[in-house]
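> I'll drop the sequence and a predicted model, then ask my questions.
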Amino acid sequence: MQFFVYGRDRPGALPLKTELTEQHWTFLDPYEDRLIARGPTLDEHGHPTGSLHIVDLPDVEAARAFTYEEPYYRGGVFESVMLCRYVNLLGRAVVSDTGYLVIAGGVAPITSKHLFAYGDLFAVDGAAHAGRAALLQAPSLEAALRTAPDDASVHPWRLGGRR
């Protein structure tokens, strides 16, 4: 079962996030072979604004543990966290190290020839459709916005992990 986990940083959380980064990576180490995508969303200066993980886990209980035991969450970095079931419509893992995260709340497709992750989002119990999410390559934020439905949020993104 795949899950989409996106934590949006609260304002002013960058020093705390920096302090907790090694703990965050250590927490994720055992999940390395189950991560389909991972990495921060960024502002226009390249500073982190959130943390994305698409991960394959055995059940909802494991997804909740992954989400709410994670050091950024426990440390108070996030203003909000989105946890959804993820149905991978491309059937492959991320093959790019930079791009844009697009999250749309409706059923309209995210259209681009340059998708490298794309899936439907559902409530954690799998019952209600909650939208769509994609990672895509585009030459600019403006170009990425043109691929997104009107209700979508678009965030610069880069592949995460130990460097």
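Looks like it arrived, so ask away.
> alpha carbons only for contacts and neighbour counts from here, please
Noted.
> what bits of the protein have low per-residue confidence?
163 (pLDDT under 70).
> Nearest residue to the middle of it?
Leu52 (2.6 Å; CA atoms, centre = their mean).
> any idea how far the closest residue in space to Leu136 that isn't next to it in sequence is from Leu83?
Excluding the flanking residues, the one nearest Leu136 by CA to CA, 6 or more residues apart in numbering is Leu115, at 4.2 Å. Relative to Leu83, Leu115 is positioned 21 Å away (CA to CA, to the nearest Å).
> re the thing from before, beta-bridge partners for the residue nearest to the centre of the chain, please?
Judged by DSSP bridges, the bridge partners of Leu52 are Tyr6, Gly39.
> And it, how far from Ile103?
From Leu52 to Ile103 the distance is 11 Å (CA to CA).
> quick one: which of Leu115 and Leu83 has more around it?
Leu83 (22 against 19; other CA atoms under 10 Å).
> Can you spell out which helices and strands pack onto the longest helix anywhere in the chain?
Longest helix in the chain by number of residues, with DSSP state H as the criterion: helix 14-28. Counting contacts by 3 or more CA pairs under 8 Å, 6 or more residues apart in numbering; DSSP states H and E, helix 14-28 packs against helix 71-75.
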